[in-house]
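Chemist: Return atomic coordinates for the entry below.
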Amino acid sequence: VSSHLALFLSAFPANLLFPVVVSFIVVHRLNPEIWLSPLMILGTQWYILFNVIAGAAALPSDLREAAANLSLRGCLLWRRVLLPAVFPSYLTGGLTASGGAWNASVVAEVASWGSTTLTASGLGAYIAQQTVQGDHPRVALGIAVMSFYVVLFNRLLWKRLYTFAQQRLALD
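Modeler: Numbers count the residues shown, from 1 in each chain. So this is what the prediction gives:
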């Protein structure tokens with residue numbers, strides 16, 4: 001039932017919720033620096049969810065049987081079998097979600113409702129504002145900085161986590 005619910009919810013376009021969230025922020029005079037962040041989460045959560053579901057579905061039956069034969073339950077089952085088995089899929093979802101979050105930041109950091117425009121400080125807001133102003137060199141600068149951050153995160157974080165997952169958690 002829960003996987004069917006997840007599939008149903010994932011078919012719902014997250015950007016349809018943007019006006020509802022933005023109007024809520026405007027009506028309640030909430031801080032856009034904090035409350036525009038859920039818009040990015042709305043656009044990225046599915047990457048992680050579906051990769052984790054795929055990782056759990058790919059769990060070898062002999063591994064599940066071995067855990068059952070060893071009477072692994074509760075925290076021990078999760079810590080020793082389930083989490084390590086799903087971790088590589090979670091990483092793939094996290095990497096994809098982080099890329100989606102970068103893209104969503106351009107839309108989510110500047111949001112309008114009626115005559116009110118909410119702006120959070122961030123690289124996405126910078127790129128969106130320079131695009132509206134038609135300042136192409138600054139748009140290119142914003143994209144270059146975003147690309148630099150993506151490469152830096154890939155090298156310093158994601159690559160190391162993938163290496164760890166391959167060396168320590170591979171089910172091969």
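
Chemist: For the residue of the chain most remote from its centre, give its distance to A170.
Modeler: Within the chain, N69 marks the point farthest from the mean C-alpha position, 36.0 Å out by C-alpha atoms, centre = their mean. Look at N69 and A170: by C-beta to C-beta, to the nearest Å, they are 22 Å apart. Just so you know, the C-beta spots here come from the backbone N, C-alpha and C atoms, and that holds for glycine as well.

Chemist: same thing with T92?
Modeler: On the measure of C-beta to C-beta, T92 and A170 end up 14 Å apart.

Chemist: Which of these two has more residues huddled nearby?
Modeler: For T92 and A170, the more surrounded residue by other C-beta atoms under 10 Å is T92, and the numbers stand at 20 against 10.

Chemist: thinking that one is in contact with N51, fair?
Modeler: Yes. Using C-beta atoms under 8 Å, T92 makes contact with N51 at a distance of 4.9 Å.

Chemist: From G55, how far out is R79?
Modeler: Counting by C-beta to C-beta - R79 and G55 are separated by 16 Å.

Chemist: Who has more neighbours out of those two?
Modeler: More crowded of R79 and G55, by other C-beta under 10 Å: G55, with 20 against 11.

Chemist: what's the closest non-adjacent residue to the more buried one?
Modeler: S89 (2.6 Å; C-beta to C-beta, 6 or more residues apart in numbering).

Chemist: Can you give me every residue that contacts the one you found?
Modeler: 51-52, 54-56, 58 (C-beta atoms under 8 Å, 6 or more residues apart in numbering).

Chemist: which element is the spatially most central residue of the chain on?
Modeler: Geometric centre of the chain, nearest residue: A97, 3.0 Å, by C-alpha atoms, centre = their mean. Using DSSP states H and E, the element containing A97 is helix 83-108.

Chemist: in the protein, which segments are predicted with low confidence?
Modeler: The chain contains residues with pLDDT under 70 at 1-3, 7, 9-10, 171-172.

Chemist: Show me where this protein has its strands.
Modeler: Applying DSSP state E to the chain gives strands spanning 110-113, 116-119.

Chemist: can you put those strands in a markdown table and add mean neighbour count and distance to V145?
Modeler: Output for the strands of the chain, formatted as a markdown table (neighbours: other C-beta atoms under 10 Å; distance: least, C-beta to C-beta, whole Å):
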| stretch | mean neighbour count | distance to V145 |
| --- | --- | --- |
| strand 110-113 | 19 | 17 |
| strand 116-119 | 15 | 18 |
